[in-house]
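Engineer: sequence and predicted model, in that order:
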Amino acid sequence: MTAPAAATRESPPDLQSRAEPRRGPATLFFSLSLFVSAVVGLWGLDRFPIFFLGDEAVESVRAQSTIRDGFRDEFGEFLPVLFKNGQSFNLGITTYVHMLPTSIFGHSIEATRGIELLFAVSALAAVALALRDAFGLSCWWIAVLVITTIPGWFLHVRIAFGIPIAIGFFGWFLYFYLRYRSGRPRSLFPALVFAVLAFYSYMGMQPVLGALGVLLVIIDAPWHWKQRRLLLPAAALLLVLAFPMVRFIRAHPEDVSQRLQNYDSYWVKPWPLSRKLATFAAAYADAVSPSYWLDPRSPRDLERHRMKGYGHILLASVPFALAGLALCVAKLRDPARRVLLAVLVASPVGAALVGPGITREFPFVLAYGMLLVLALDALLTRAARYVRPLAVSATAFGLFTAASVAMLADCLVHGPTWYADYGLYGMQWGAKEVFGTIRRDLAASPRSQYWVSHDWANGAEQIVIFFFGADRRVAVRHLDHYQERWAELDPRAIHVLTAEEYGHIESESRFVVDRVEKVIPYPDGRPGFYFVRLDNPPDLPANPGKYGLPGDSAK
């Protein structure tokens, strides 16, 4: 694939003459960089992040149930683009992506996270190719490793929230749109397809893509008019792609307002428009503020969305990003650089609607990485005038590979003890450990019954289904269940309680601890989960003995 004429004209004569001979080595480094990014991402995927959340488990669970139900949702809709998760529709077409790995590997943490991570790696490939073809860079391949070492990226492409899938589609949208702007008009059609796929993949991408679409219509209006013979078929394609969303809105017209209410957004408050706009401006400024992106202790994100000691972006990278931004502004007439600036401007819109959060402005990380590469390419190209270009490329490859491996090692070794709050409002640690233990215990004692508290995790029911499917021997039950049904307490069943719940039993008049079967410690060594058998105290009326364990007959 050759660089567009526009990009070639912008390249200095010496770079233009040197770039083509280096195409072979650049392609090799590109392939090696993708390999490194994939290996670093997949290595220890079940160990870091240290949690496995209900919002991750539900992706695979929903994929399996949709196949089982003939590709229909619980409302009977065939091939929906949005699926209900709890009280809101916040699952997109990522459900379909998970169908193949779930069918092959079953419910697996590695498979659930791994398929999404590979989509994120494909986004890096798309961005690198765009930097080669639309920006005319010589060291375009380094984008893969540069973005891999951005902490906000490194963490969130390892979490199966659907974000890595959406960013994968978004990266290819950028690639094809930049091809369209570089003189290949028919690339508009795949650009639209990938934009809509990103739109349907993750709810947080929808405001970003909407704002970006408006910006691109405005800043590229003269070019769109030159390609007006394609506008009608492009509009027809967009209408076809939008049909599933129209169908969804007609079936669930309350969803958008309900989602905003769930996030307590100011847009659904009875405020005057002027106040809402002022609040939006303040929230937008907060979403792009250095204090948010650089502060490792920023309270705007929960601890499980931060890597201790790292900001979402590294302070040392800021001078390069500013240099890349200056290069963009200096060549503002170049359409590719205008598109990059548009992505930077549009990315915080979703966060400005409901509050800062990296999951809502993830495209900013991708665009920030592109700014870094613009500056690094200029630096490496200059260095190649004095040192053999192959040596320059090999050195850059080695340094960024070492940085990504060092970050991975830090996460795997120190990540488990970065934060002391392992509970609901902290890391929500314990899914793999608790249910892995239960699975081994059931293999040794098949008639056991396990009641697992939900105090430590959101979507605990989905996690149980993920690990045990329809197995009735494991279910979610809180101790409050016995508030009015004390007679249902079965001393033969094993209750899995958090350390805090176990500590409260001593002050409870409803329970006595018959036996502690085992304790699973937190990563820092403190007691985390207690496997206990409970009974009623002797001063309560006699238990009728109707326990309902698997295999028992009701009497």
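Structural biologist: Looks like it arrived, so ask away.

Engineer: give me the most central residue, the protein.
Structural biologist: Centroid-nearest residue in the chain: I163, 3.3 Å away (criterion: Cα atoms, centre = their mean).

Engineer: that one contacts F362, doesn't it?
Structural biologist: Yes. Proximity of I163 to F362 meets the contact threshold set by Cβ atoms under 8 Å, at 5.5 Å. Any C-beta I mention is one placed from the backbone N, CA and C, and that applies to glycine too.

Engineer: return every residue with contacts to both of those two.
Structural biologist: Both I163 and F362 are contacted by H156, G204, under the criterion Cβ atoms under 8 Å, 6 or more residues apart in numbering.

Engineer: next, R72: phi, psi?
Structural biologist: phi -120, psi 150 (degrees, to the nearest 10).

Engineer: give me the below-cutoff pLDDT ranges for the protein.
Structural biologist: Along the chain, segments meeting pLDDT under 70 span 1-23, 509, 539-555.

Engineer: mind running it again at 80?
Structural biologist: 1-23, 86-87, 256-260, 262-264, 355-356, 483-487, 506-510, 538-555 (pLDDT under 80).

Engineer: check contacts around N262.
Structural biologist: Contacts of N262 by Cβ under 8 Å, 6+ apart are Q87, S88.

Engineer: got the phi and psi for it?
Structural biologist: phi -60, psi -30.

Engineer: how much space separates it from L100?
Structural biologist: Per Cβ to Cβ, to the nearest Å, N262 is found 31 Å from L100.

Engineer: again with F29
Structural biologist: According to Cβ to Cβ, F29 stands 31 Å off from L100.

Engineer: the two: which is more packed in?
Structural biologist: F29 (22 against 12; other Cβ atoms under 10 Å).

Engineer: okay, now the residue nearest to I109 when sequence neighbours are not counted: neighbour count?
Structural biologist: The shortest distance from I109 to any non-neighbouring residue, by Cβ to Cβ, 6 or more residues apart in numbering, is to D46 (4.4 Å). Neighbour count of D46, defined by other Cβ under 10 Å: 16.

Engineer: helix or strand for R337, just tell me which one.
Structural biologist: helix 335-346 (DSSP states H and E).

Engineer: how far is the helix or strand following that helix from where the chain is centred?
Structural biologist: Using DSSP H and E, the helix or strand that directly follows helix 335-346 along the chain is helix 349-354. Relative to its parent chain, helix 349-354 has a centroid offset of 17 Å by Cα atoms, centre = their mean, to the nearest Å.

Engineer: what's helix 349-354 in contact with?
Structural biologist: By Cβ under 8 Å, 6+ apart, helix 349-354 touches 204-208, 210-211, 260, 263-265, 267, 280, 283-284, 286-287, 357, 360-361.

Engineer: ok, G204 - contacts?
Structural biologist: When contacts are taken as Cβ under 8 Å, 6+ apart, G204 is in contact with I163, A166, G350, G357, T359, R360, E361, F362.

Engineer: swap that for W271, sorry
Structural biologist: Applying Cβ under 8 Å, 6+ apart, the residues near W271 are T279.

Engineer: what about it, distance to S265?
Structural biologist: 11 Å.

Engineer: rewinding a little: and the helix holding R337, C-alpha only, in PDB?
Structural biologist: This file holds the C-alpha atoms of helix 335-346, laid out as PDB (Å, rounded to 0.1, in the frame of the first residue of the first chain):
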ATOM      1  CA  PRO A 335      -6.900  17.100   6.300                       C
ATOM      2  CA  ALA A 336      -5.400  14.200   8.300                       C
ATOM      3  CA  ARG A 337      -4.200  16.500  11.000                       C
ATOM      4  CA  ARG A 338      -7.600  18.200  11.200                       C
ATOM      5  CA  VAL A 339      -9.300  14.800  11.600                       C
ATOM      6  CA  LEU A 340      -6.900  14.000  14.500                       C
ATOM      7  CA  LEU A 341      -7.700  17.300  16.200                       C
ATOM      8  CA  ALA A 342     -11.400  16.600  15.700                       C
ATOM      9  CA  VAL A 343     -11.000  13.300  17.500                       C
ATOM     10  CA  LEU A 344      -9.300  15.100  20.400                       C
ATOM     11  CA  VAL A 345     -12.100  17.600  20.600                       C
ATOM     12  CA  ALA A 346     -14.900  15.100  20.400                       C
END
